[in-house]
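Asks: Any chance you can model this:
(one chain, ligands or ions: 1)
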Amino acid sequence: MAENKKSQREKSAAGASAGGGKNTGLAAREKRAAARGKSTNKEKWAATAEEKQATAGGKRASGEVWVVVEQEKGRAERVSWELMGEARELAGELGVRPAAVILGASGRGLAAQALEYGAAAVYLAEHPALDPYTNDPHCQALTKLAQEYQPQVILLGATTRGRDLASAMATELSTGLTADCTELGIDPEKRLLRQTRPAFGGNVMATIITPKHHPQMATVRPGVFPLPEAQAGASGEIVAVAPEIDSAGIKVKQLQFVPNPPEVSLGGARVIVAGGRGLRSAANFALLEELAAELGGVVGASRAAVDAGWISHQRQIGQTGQTVRPVLYFAVGISGAIQHLAGMQQSDIIVAINNNSEAPIFEVADFGIAGDLFQVVPLLVEEVRRRKEEAGVAAGEAGLDVAAIMDRVGRE
Ligand SMILES: Cc1cc2nc3c(=O)[nH]c(=O)nc-3n(C[C@H](O)[C@H](O)[C@H](O)COP(=O)(O)OP(=O)(O)OC[C@H]3O[C@@H](n4cnc5c(N)ncnc54)[C@H](O)[C@@H]3O)c2cc1C
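Replies: This is a model prediction of the structure:
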């Protein structure tokens, strides 16, 4: 299975880099622009570089790998640090610095954290218009910073805000943007960012490169990359920058902030019990809630269960839902469609419960129970309770021997 996916990925990568329509289209556009006497993106970029070298005392293009840190009132989104770990890897391969960009005075306290998560430099931009977040000032500030320091790669989380900002920036910078990447890498020959994401409804993995436009931009969903280990006391350069923001260009003003009602967070969950169409009704999700509660986990779902209206969209896992990587993932009454796998196959231990022993979910599962979920799940709950009582483990605490539990339930 793993090998099949790998070769699929390699094939689609070869397809995308062998002169796909997108790149040919862009090259043609560059030629048409040149024929009309207009400056091409490449020339604009070069002109900016020259201007900046003149105005910034000969400052050279940094060529760095940047992560735009998403923060709200001084609290960073976990995906920013996940990306910082990946940026460090990519920058290492390119032989450049990984850097974090933090916007807004409320994010000042995050610089040290960015260094601990792998940044070698932090660009800190403060301006009254940058707190709280709205698109225009953030886009203006980041675009100018990118033009000045010329990173070769800019990464953002594929969150609501990250998507909003990345698309606006890419438009301003006349460059490409690959949204929702599931894998990043460096092409060893071309030294370009390989941006892999599902395409054609998740049936193929496409690897996209941006050879003619810079910077190369990508968004990555939370949970795709692991959180790197923070290196306490790590040091690096902090670059204070004064962003130029044209207030006339700010079209949106935040009048009031109304937070969403608190939702269960799948992103940071260590145990997820996910249910699919096999559950048959919203009421039957109570079974999964019971198991999740005993294991200190949360309940997730396949799209089929969400589309049936049995559970909220926030619980959906997969290509058009959330990407998760818990320690323990239960797929209950879920067939294992590729779009579902895209969001959960990075989990450490996958347990599948399905009454069809041929279901594809068993191919990615570490433990499989071919049986009726309405019999298996109550048995599991009972077994978990019994073992916790024996071990004196309180509800929600870890410390369960999952393999032994599965073994026992399989025999009963
Ligand atoms: C563009 C696109 C994006 C998509 N994005 C997502 C996404 O983000 N997430 C997602 O999940 N899907 C997504 N899908 C849908 C995906 O293709 C599948 O249709 C969906 O995952 C199926 O959900 P399911 O496994 O719950 O249902 P089914 O495929 O119907 O599987 C139900 C399973 O339950 C089992 N079952 C039935 N009764 C029992 C029982 N009593 N005990 C045990 N097992 C039982 C059956 O054997 C079966 O394997 C997307 C599709 C498209 C085209």
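Asks: how far away is the residue lying closest to Gly268 once chain neighbours are set aside from Gln195?
Replies: Nearest non-adjacent residue to Gly268, counting by CB to CB, 6 or more residues apart in numbering: Arg78, 6.8 Å away. In this view, the C-beta of every residue, glycine as well, is placed from N, C-alpha and C. Remark: distance between Arg78 and Gln195 (CB to CB, to the nearest Å) = 21 Å.
Asks: Counting neighbours, go ahead and name the busier of the two.
Replies: Gln195 (28 against 16; other CB atoms under 10 Å).
Asks: Doesn't that one belong to a strand?
Replies: Yes. The assignment for Gln195 (DSSP: H, G, I helix; E, B strand; the rest coil) places it in a strand.
Asks: you'd agree it is up against Ala218?
Replies: Yes. Using CB atoms under 8 Å, Gln195 is in contact with Ala218, at 4.8 Å.
Asks: can you list the weak-confidence ranges in the stretch 51-200 of the chain?
Replies: 51-60 (pLDDT under 70).
Asks: Regarding whichever residue of it sits closest to the ligand, which helix or strand does it belong to?
Replies: Nearest to the ligand in the stretch 51-200 of the chain, going by CB to the nearest ligand atom, is Pro198, at a distance of 8.4 Å. Assessed by DSSP states H and E, Pro198 sits inside strand 193-199.
Asks: Return the set of buried residues in the helix or strand following that strand.
Replies: Heading C-terminal from strand 193-199, the first helix or strand you meet, by DSSP H and E, is strand 204-208. If you call a residue buried by 16 or more other CB atoms under 10 Å, then strand 204-208 has these buried ones: Met205, Ala206, Thr207, Ile208.
Asks: how far away is the second one from Leu192?
Replies: Yep, that's Ala206 we're talking about. 15 Å.
Asks: Looking at the buried residues of strand 204-208, which is nearest Gly333?
Replies: The nearest member of the buried residues of strand 204-208 to Gly333, counting by CB to CB, is Met205 at 26.5 Å.
Asks: Spell out the residue ranges of the strands in the stretch 1-150 of the chain.
Replies: Ranges of strands within the stretch 1-150 of the chain are 65-68, 71-72, 75-76, 98-103, 121-125, based on DSSP state E, counting those that start in this stretch.
Asks: So in that sheet, which strands flank the second one, and in what orientation?
Replies: This means strand 71-72. With DSSP bridges as the test, strand 71-72 is paired with strand 75-76 (antiparallel).
Asks: What is the distance between the strand it pairs with and the centre of its chain?
Replies: Chain-centre distance of strand 75-76: 16 Å, with CA atoms, centre = their mean, to the nearest Å.
Asks: wait, what's in contact with the residue nearest to Gly268?
Replies: Pro222, Leu227, Gly267, Gly268 (CB atoms under 8 Å, 6 or more residues apart in numbering).
Asks: try it again with 10 Å
Replies: Residues counted as contacts of Arg78 (CB atoms under 10 Å, 6 or more residues apart in numbering) are Glu70, Gly157, Pro222, Gly223, Leu227, Ser265, Gly267, Gly268.
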